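this is a predicted model, with the sequence first.
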Amino acid sequence: MEKIPVLRMGPLLLITIQVDMHDKLALQLQDDVTHRITEHGSTGVLIDISSLEIVDSFIGRMLANIAAMSRVLGADTVVVGMQPAVAITLVELGMSLPGVRTALSVEAGMELLLGTVAEDANGTDNERSEA
Amino acid sequence: MNDLAEILAENTESIRKQWIAEMSKGVERADLISKAELEEQSREILDAIVIGVKTSGPTNTGAAGWDAARELLRQISASRARQGFSTIEVATFVLSLKQPVFNQIRTAFKSDQDRTFTAIWAATELLDRLALITTESFMTTREELISRQQQELLELSTPVVKLWDGILALPIIGTLDSSRTQVVMESLLQTVVATNSKYAIIDITGVPTVDTLVAQHLLKTITAARLMGAECIISGVRPQIAQTIVHLGINLEDVTTKAKLSDAFALALDRSGRKVVNKSAAPASSLANLVTKRER
Amino acid sequence: MNVLKRETQPLKNSSDVVLARQKVRQWAIELHFSLVDQTKLVTAASELARNALDHGQGGAMSVEVVSNGSKNGLRLIFEDQGPGIPDIGLALKDGYTSGSGMGLGLGGSKRLVNEFDIQSEVGRGTTVTVIRWK
């Protein structure tokens, strides 16, 4: 069965979702991420959804779950690249994905995660209060 | 009705001249249409009406013999609509044909009341029907025009402006209903992606009222932008709006709001790690040096 | 209402849900729906197909091109012979933003379409019909 690849980049895990996911694949991904965070001691997870043309409530919940699970394991999650049509539809659907931080691009997402990592010592988290 | 057909065919030019005279008495609109154009159109229509009456009779305006006349009236009314004539002016155009035609009938039948009445009745029915066809066509064109203008207005009235690298401004003028919100959201979000802008200032100075519905629409837009990774700042909040928001119990806790666009811009600059500095005062200091040197 | 074209997609497993989404997308593109409208319709289809599978124990989706005289639209019908929904009013309420709730996705889907109808009988099954007009 195909898996969604989880790449390691230093302290971060990078996930690019390009396929139209069916449910088993989504559950597999949640499982994978939690294991990899523990394995590498990752402090950040970047999920790139710029290729996703549909995000329904199931996928939305998956993203929220990954963010929540990662936080429990000490890692921050940022979802990047959401397409405008998807954002508009999610809002209409009633999903605002609280607890899931977002950024416009992979670059912006990495800045957020790496910046936060450096700020951990200070305990400041400006972005979180904005979101 | 052969009578009518004959009268029209034999007196076309005189009827037409009287018709033009009737029209100038009423509403000629020389500002919208030239005399020459009017003469040409009246000639064409009268000829088409004569053919229609001769071929299919005065009652059956749907028949093939009337095709040319109907098409002509449709074209003329469509162009009148685009030129900006009013509905009355367009209807009068056809109806003012009655007086000349009636005059002609009276002249032709003199004291024969029966023939006169029959012919006048046929003529009035015919011209009424033609006037209705013309007016209906006119209104359809007008409605299409208005609908297209509304669409253009909707798109034009939500420009997204780039204030600086990564900072957009979206001034909203007019009421924000649900269909407008859709246009605003799509326009804003697409520009956010295209310019990779993290900050969007939504200025509502031009929004007359902010009630619960409008607030919901704004919040939808803000949430959608946030989902994509962009932050919205609302600016242009007038005092009355602030009062309404509080009175209605609208919750804007998670939203940054500013009274002035300039404040919102300053905030966005600050949040994106930028600072505005004055240029150094070099020329003035060298002049001071010059003065000091001389004094020495 | 006239039905101009019709196709059915069984919903027996999660791959079928993916196929259902793709089918609706194809048809929406053929009818020249805007990108946002396409996305809304396909997302609604995904929600309802998933429901039929997860809560309705499997069923089928029909896609139809319909016309009401002045405009064309896409109609989707989701049928299952599952346990049915005892309290439709409750099911349509938003339990979604928190991520909890029964996850029926009905309330949300309703907002993504122009017309929404649900018929359900406990013990017999559920039929959800939605239409998006052009």
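Perfect, thanks for sending it. These numbers were taken from a predicted model, which means no experiment stands behind them.

where along chain A do the helices fall?
Using DSSP state H, the helices of chain A run over residues A:23-40, A:57-72, A:84-93, A:106-119, A:126-130.

let me fix that: chain C
Using DSSP H, the helices of chain C run over residues C:14-30, C:35-54, C:88-92, C:106-112.

what is the burial count for the spatially closest residue to B:Q18 that is not a sequence neighbour?
Leaving aside its sequence neighbours, B:Q18 sits nearest to B:P100 (CB to CB, 6 or more residues apart in numbering or on different chains; 3.6 Å). Yep, even glycine has a C-beta here, placed from its N, CA and C like the rest. Counted with other CB atoms under 10 Å in any protein chain shown, residues neighbouring B:P100 total 20.

name the element B:P100 belongs to?
Per DSSP states H and E: B:P100 is located in helix B:98-109.

so what's the residue in chain C that chain B sits nearest to scoring on pLDDT?
Using CB to the nearest CB, the point where chain C gets nearest to chain B is C:V36, with a distance of 6.1 Å. The model reports C:V36 with a pLDDT of 94.

there's contact between it and B:L189 in this structure, I believe.
No - here C:V36 does not reach B:L189: they are 9.7 Å apart, not a contact under CB atoms under 8 Å.

and these two? Which one has more around it.
Legend: neighbour count by other CB under 10 Å for C:V36 and B:L189, higher for B:L189 (26 against 19).

next, the buried residues of the helix or strand where that one lies.
Using DSSP H and E, B:L189 sits within helix B:178-195. Neighbour counts using 16 or more other CB atoms under 10 Å in any protein chain shown place B:180-182, B:184-189, B:191-193, B:195 of helix B:178-195 among the buried residues.

could you tell me how far the one residue in chain B that gets nearest to chain C is located from B:D211?
With CB to the nearest CB, the shortest gap between chain B and chain C falls at B:E186, namely 6.1 Å. B:E186 sits 23 Å away from B:D211, taking CB to CB, to the nearest Å as the criterion.

can you get me a residue count around B:A21?
12.

and it, what helix or strand is that in?
helix B:12-25.

now do the buried residues in the helix or strand that that helix is followed by.
Downstream of helix B:12-25, the first helix or strand assigned by DSSP H and E is helix B:35-56. Using 16+ other CB under 10 Å as the test for burial, helix B:35-56 gives B:38, B:41-42, B:45-54, B:56.

same deal with stretch A:14-26?
Buried residues in stretch A:14-26 (16+ other CB under 10 Å): A:14-17, A:20-23, A:25-26.

to the chain's geometric centre, what's the distance from the longest helix along chain B?
With secondary structure taken from DSSP H, chain B has its longest helix at helix B:113-156. Counting by CA atoms, centre = their mean, to the nearest Å, helix B:113-156 is centred 20 Å from the centre of its parent chain.

so which elements touch that helix?
For helix B:113-156, the packing partners by 3 or more CB pairs under 8 Å, 6 or more residues apart in numbering or on different chains; DSSP states H and E come out as helix B:2-10, helix B:35-56, helix B:67-83, helix B:87-95, helix B:98-109, helix B:178-195.

tell me what angle that helix forms with helix B:178-195.
Between the axes of helix B:113-156 and helix B:178-195, defined by axes from the mean of the first three to the mean of the last three CA atoms, to 10 degrees, the angle is 40 degrees.

helix or strand right after helix B:113-156?
Heading C-terminal from helix B:113-156, the first helix or strand you meet, by DSSP H and E, is strand B:161-164.

show residues contacting that next one.
With contacts defined as CB atoms under 8 Å, 6 or more residues apart in numbering or on different chains, strand B:161-164 is touched by B:168-171, B:191, B:195, B:197, B:201, B:265, B:268-269, B:274.

adjacent strands (with direction) for that strand?
Applying DSSP bridges to the sheet, strand B:161-164 is found paired with strand B:167-173 (antiparallel).

from the chain's centre, how far out does the partner strand sit?
Taking the mean of its C-alpha atoms, strand B:167-173 sits 23 Å from the chain's own mean (CA atoms, centre = their mean).

and that strand, what's its mean pLDDT?
Taken as a whole, strand B:167-173 has a mean pLDDT of 93.

report the buried residues of it.
B:167-172.

out of those residues, who's nearest chain A?
B:L168 (11.9 Å).

what residues are up against that closest one?
Contacts for B:L168 (CB under 8 Å, 6+ apart) come out as B:160-162, B:188, B:191-192, B:195, B:197, B:199-201.

so what's the residue count around B:P239?
With other CB under 10 Å as criterion, B:P239 counts 8.

so it versus A:M110, what's the distance?
Distance, B:P239 to A:M110, using CB to CB: 43 Å.

and C:M1, by the same measure?
C:M1 is 52 Å from A:M110, by CB to CB.

now do B:A169
According to CB to CB, B:A169 stands 27 Å off from A:M110.

C:G108 now?
In terms of CB to CB, C:G108 sits 32 Å off from A:M110.

with neighbour numbers in mind, choose between those two.
Per other CB under 10 Å, whichever of C:G108 and A:M110 has more neighbours is C:G108, with 25 against 19.

now the more buried one, nearest residue through space, not along the chain?
Closest to C:G108 by CB to CB, 6+ apart is A:L93, at 4.0 Å.

what's the burial count for B:Y199?
Using other CB under 10 Å, B:Y199 is surrounded by 24 other residues.

look up phi and psi at it.
With angles defined as degrees, to the nearest 10, B:Y199 sits at phi -120, psi 130.

confidence score at residue 95?
If you meant another chain, say so; for now it's chain A. Per-residue pLDDT puts A:M95 at 87.

switch to chain C, please.
55.

output the lowest-mean-pLDDT helix or strand in chain C in PDB, but only the C-alpha positions, please.
Lowest on mean pLDDT, DSSP states H and E among the helices and strands of chain C sits helix C:88-92, with a mean of 80. What follows is helix C:88-92, C-alpha atoms only, in PDB (Å, rounded to 0.1, in the frame of the first residue of the first chain):
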ATOM      1  CA  ILE C  88     -32.300  14.700  11.900                       C
ATOM      2  CA  GLY C  89     -32.500  18.100  13.500                       C
ATOM      3  CA  LEU C  90     -29.700  17.200  15.900                       C
ATOM      4  CA  ALA C  91     -27.600  15.600  13.100                       C
ATOM      5  CA  LEU C  92     -27.800  18.800  11.100                       C
END
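
what residues of that helix count as buried?
Result for helix C:88-92 [16+ other CB under 10 Å]: buried residues C:91-92.

quick one: contacts for the residue lying closest to C:N2 once chain neighbours are set aside?
Nearest residue to C:N2, sequence neighbours excluded (CB to CB, 6+ apart): C:S67, at 4.6 Å. Contact analysis of C:S67 by CB under 8 Å, 6+ apart lists C:1-2, C:4, C:73.
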